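In: Generate coordinates for the sequence data below:
(2 chains)
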Amino acid sequence: MIKGARLYAAQSAAAIRTSFADRGNFAIQVGGMIVNDIFFLTLWVLFFAGFRSIGGWQLQDMALLFGLTMSVVGISGVFFGGYRDLAATLLRGELDALLTQPKGLIPRLLARESIATAWGDLAGAVFVLAVFAKLEWTDLPTLLLAIAAGTTVYVSASISFACLAFWAAGARSFARELTDFMLLFSSYPGSIYQGAVKTIAFTLLPAGFVVLAPMGMVRHPSGQTLAVVVFGAVVYAAIAVVLFHLGVARYRRGASPSL
Amino acid sequence: MSAVITVKSLAKAYRYAKRRGGFFEAFSPEHVTVEAVAGVDFEIGKGERVAIIGPNGAGKSTTLKMLSGILEPSSGEASVLGLTPWKQRKALAYRIGVVFGQRSQLWGELPARESFALLRHIYDQEAAPFAKRLGELTERFALTDLLDQPVHRMSLGQRMRCEITASLLHGPNLLFLDEPTIGLDVTAKAAIRDFIREHARDHGQTVLLTSHDTRDIELVCDRVIVVNQGRIVVDQPTDQLRRRFLGRKIITFQSAGQGVSLDLPGVTRRASEAHATILEVDTRLTRVERVIAAAMADGGIEDVTIEDPPMEEVIAEIYASTHAA
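Out: Just a heads-up that it's a prediction; the model follows:
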């Protein structure tokens, strides 16, 4: 376990150094993401200046949602960046080299890349949460737990989508689109989702467990909200691990499209 | 000699959907099964350097993937260093080194030194012996000046030297190489062949390689397994194969005037074009330099190319001769 964590830290540090290697490119990507986030936030600030509330949501709620989403995407991109192009990695047959080495495949695949723009999301998240979300210092433990759980669900769901590559060659873009949809669903007030759309947001595209349920836990901490958040993280992590191992078994039988 | 690899009736079949013409037929594809490896048997002893050669689709890489634990066979048995590769993949991984000529195990953006340091964690190596082995390998492979260079900025030959070094850092007993010299220039190929041969000889290491290049086989391996359509066609020492099939060169002379005409033992003229004469030379009967000297003495030569016969041609000849026998 300790050896595994040490390997993950070493590989992740190497990936982060790689993303820093071209400093000009790194600065442009991070700066671009910060500008993008500021633009998005400004739209909501202007919106709430006019309407005050949308389905009971106010600016501080939107800021918490936005800050949590940026934190999840930022941490996922910096420390688990391999999730982003996982389907393409699988389809390129890059699993072969990893299968000849003795360590676990999922950590090796996640830590192989760090996404430069994710630093922009992290910087934006700290700013939004500190300035607009109306949080107290006492909210910090639940906030950190919410970010950890949301990151787990987001990365796990992305792995599950990428696993489609073990069954279909066309999964490369489809998996990415599903991840983007999940992010899109995570960026709007939960009160707008009703009926079938809400079911999808809490199941197939688990946007509800990425941001909405963790956000509820931060605003209304209780045993019940904590249980829902932890349950979501555990279930989606388990689904990702099972699907990935079923996919690898299929790959090793020679039945995957990349072979 | 104790067996490092034992293979019995090993087979691998792939099943894929074959598209049929027409719109509605696309929804009910016909499934086709292809036998990539059709029940092969062989043993490889400790310290042997063995080549598996064959045309594209012969089953070389599939065999290597099954023996290194990547793929599960459809049927048959294999024991590699006393382990069943597809069942004990992780345990086996500590004891084998694997190099894929067209896939990298290094981090392209990182300096080679950092990739090697990560491999120390991956193979749970102690720092001191690892550093010693890395020092020996980088010195022997003339990589010392390249260690701080990102791998993606290296030439293909330099990258391949790094790949082979990476595969040896944990001190494996057995080295698998899949097309290790593919795409390399003559000098880079020679450096890699020398290194593999000498390292294996000095460390008593067993080597199993696949290649399209007859020189890889001649200069590195002492035994050759020829496969075609998933079956073993020939399994014999390289010396024996060299005497029968490998001692030939193809020399092309470009000339402004009429073609080259030589009357030397073991030299035959192949179908040639205007201003280009293609000769096949049996080097056991006449050395290459003698052929070139004779052609130059004839005058009018503008350019010369020396090549090995294509692998497909060699295989076809071996295949024809074994079937005739």
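In: what's the helix or strand for residue B:11?
Out: strand B:3-18 (DSSP states H and E).
In: List the buried residues for that strand?
Out: B:3, B:4, B:5, B:7, B:10, B:11, B:12, B:13, B:14 (16 or more other CB atoms under 10 Å in any protein chain shown). Using the backbone N, CA and C atoms, a C-beta is placed for each residue, glycine as well.
In: ok, the last one - contacts?
Out: Contacts here follow CB atoms under 8 Å, 6 or more residues apart in numbering or on different chains; on that basis residue B:14 touches A:254, A:255, A:259, B:33, B:34, B:36.
In: For the stretch 101-250 of chain A, just list every one of the helices.
Out: Assigned by DSSP state H, counting those that start in this stretch, the helices in the stretch 101-250 of chain A fall at A:105-110, A:117-131, A:140-162, A:171-185, A:195-201, A:207, A:213-219, A:223-252.
In: Tell me the strands beside the strand holding residue B:11, with direction?
Out: Partners of strand B:3-18 in the sheet, by DSSP bridges, are strand B:30-45 (antiparallel), strand B:75-80 (antiparallel).
In: elements contacting the next helix-or-strand element following the longest one?
Out: Helices and strands here follow DSSP H and E; after strand B:30-45, the next one along the chain is strand B:49-53. Under the contact criterion of 3 or more CB pairs under 8 Å, 6 or more residues apart in numbering or on different chains; DSSP states H and E, the helices and strands touching strand B:49-53 comprise helix B:60-67, helix B:186-203, strand B:206-211, helix B:214-220, strand B:223-228.
In: quick revisit: pick the most deeply packed of the helices of the stretch 101-250 of chain A.
Out: For these, the largest average neighbour count (mean count of other CB atoms under 10 Å in any protein chain shown) is found in helix A:207, namely a mean of 27.
In: Could you pull up the mean pLDDT of that one?
Out: Throughout helix A:207, pLDDT has a mean value of 85.
In: cool, stretch A:48-59 as well?
Out: Stretch A:48-59 comes out at a mean pLDDT of 80.
In: Tell me the span between the first and last residue of that stretch.
Out: End-to-end distance for stretch A:48-59: 6 Å, by CA to CA, to the nearest Å.
In: Equivalent analysis for stretch B:40-58, please.
Out: Span of stretch B:40-58 from end to end, CA to CA: 12 Å.
In: again with stretch B:251-270
Out: 10 Å.
In: That one: which residues count as buried?
Out: B:251, B:252, B:253, B:254, B:255, B:259, B:260, B:262, B:264, B:267.
In: is it true that the third one lies in a strand?
Out: Read it as residue B:253. Yes - the assignment for residue B:253 by DSSP: H, G, I helix; E, B strand; the rest coil puts it in a strand.
In: Which strands or helices does whichever helix or strand residue B:159 is part of pack on?
Out: Element membership for residue B:159, per DSSP H and E: helix B:156-168. On a contact count with 3+ CB pairs under 8 Å, 6+ apart, helix B:156-168 meets strand B:96-100, helix B:112-122, helix B:127-140, strand B:174-178, helix B:186-203.
In: just the ones you listed: most buried one?
Out: strand B:96-100 (a mean of 25).
In: just checking, what packs against that strand?
Out: Right, strand B:96-100 is packed against helix A:95-99, helix B:156-168, strand B:174-178 by 3+ CB pairs under 8 Å, 6+ apart.
In: export these to a markdown table and tack on distance to residue B:241 and mean pLDDT?
Out: Listed next are the helices and strands packed on strand B:96-100 as a markdown table, based on distance: least, CB to CB, whole Å; pLDDT from 0 to 100:
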| stretch | distance to residue B:241 | mean pLDDT |
| --- | --- | --- |
| helix A:95-99 | 29 | 93 |
| helix B:156-168 | 25 | 91 |
| strand B:174-178 | 19 | 95 |
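In: thought residue B:166 was touching residue B:115?
Out: Yes - using CB atoms under 8 Å, residue B:166 is in contact with residue B:115, at 6.6 Å.
In: Are there residues contacting both of these two? Which ones?
Out: residue B:106.
In: With adjacent residues omitted, what lies nearest to residue B:120?
Out: In this structure, residue B:120 finds its nearest non-sequential neighbour in residue B:130, 4.9 Å apart by CB to CB, 6 or more residues apart in numbering or on different chains.
In: which residues does residue A:57 bridge with?
Out: Under the criterion used (DSSP bridges), residue A:57 bridges to residue A:54.
In: for chain B, what are the nearby residues on chain A?
Out: Selection of chain A residues close to chain B by CB under 8 Å from any CB of the partner chain yields A:3, A:6-7, A:10-11, A:14-15, A:17-18, A:21, A:93-94, A:96-97, A:99-103, A:112, A:252-255, A:259.
In: Just the buried subset of those, please.
Out: Buried, going by 16+ other CB under 10 Å: A:7, A:10-11, A:14-15, A:18, A:93-94, A:96-97, A:99-101, A:103, A:112, A:252-254, A:259, out of those.
In: for the chain, what are the low-confidence residue spans?
Out: Looking at chain A here, since you left the chain open. A:258-259 (pLDDT under 70).
In: ah, no, chain B please
Out: Checking chain B against pLDDT under 70 turns up B:1, B:19-27, B:311-312, B:322-325.
In: domain parsing for it?
Out: For chain B, automatic domain parsing gives the domain ranges B:3-244, B:247-324.
In: Endpoints of the longest one, how far apart?
Out: For domain B:3-244, the first and last residues are 27 Å from each other (CA to CA).
In: what's the spacing between residue A:93 and residue B:309?
Out: 31 Å (CB to CB, to the nearest Å).
In: try residue A:203
Out: As for residue A:203, its distance to residue B:309 is 62 Å (criterion: CB to CB).
In: between the two, which one's more packed in?
Out: residue B:309 (15 against 10; other CB atoms under 10 Å in any protein chain shown).
In: So for residue B:68, which of the helices of the stretch 101-250 of chain A sits nearest?
Out: Proximity to residue B:68, assessed across the helices of the stretch 101-250 of chain A by CB to CB, is greatest for helix A:223-252 (11.4 Å).
In: The closest one vs helix B:60-67, what angle?
Out: 130 degrees (axes from the mean of the first three to the mean of the last three CA atoms, to 10 degrees).
In: Please state the offset of helix A:223-252 from the chain centre?
Out: Its chain's C-alpha centre and that of helix A:223-252 lie 14 Å apart, by CA atoms, centre = their mean, to the nearest Å.
In: That one packs against which elements?
Out: helix A:95-99, helix A:105-110, helix A:140-162, helix A:213-219.
In: how much does the longest one deviate in direction from helix A:117-131?
Out: Here helix A:140-162 points in a direction 150 degrees away from that of helix A:117-131 (the same axes, to 10 degrees).
In: helices or strands next to helix A:140-162 in the packing?
Out: Looks like helix A:140-162 contacts helix A:59-79, helix A:86-91, helix A:105-110, helix A:171-185, helix A:213-219, helix A:223-252 (3+ CB pairs under 8 Å, 6+ apart).
In: As TSV, those with distance to residue A:146 would be great.
Out: Below are the helices and strands packed on helix A:140-162 laid out as TSV (distance: least, CB to CB, whole Å):
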stretch	distance to residue A:146
helix A:59-79	6
helix A:86-91	24
helix A:105-110	21
helix A:171-185	17
helix A:213-219	3
helix A:223-252	7
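In: Within range of chain A, give me the residues from the stretch 51-200 of chain B.
Out: B:62, B:65, B:68-72, B:86, B:89-91, B:93-94, B:96, B:98, B:100, B:103-105, B:107, B:109-110, B:114, B:117-118, B:121-124, B:150, B:176.
In: count of neighbours near residue A:204?
Out: 14.
In: Let me see the contact set for it.
Out: Residues counted as contacts of residue A:204 (CB under 8 Å, 6+ apart): none.
In: distance of it from residue A:236?
Out: Distance, residue A:204 to residue A:236, using CB to CB: 11 Å.
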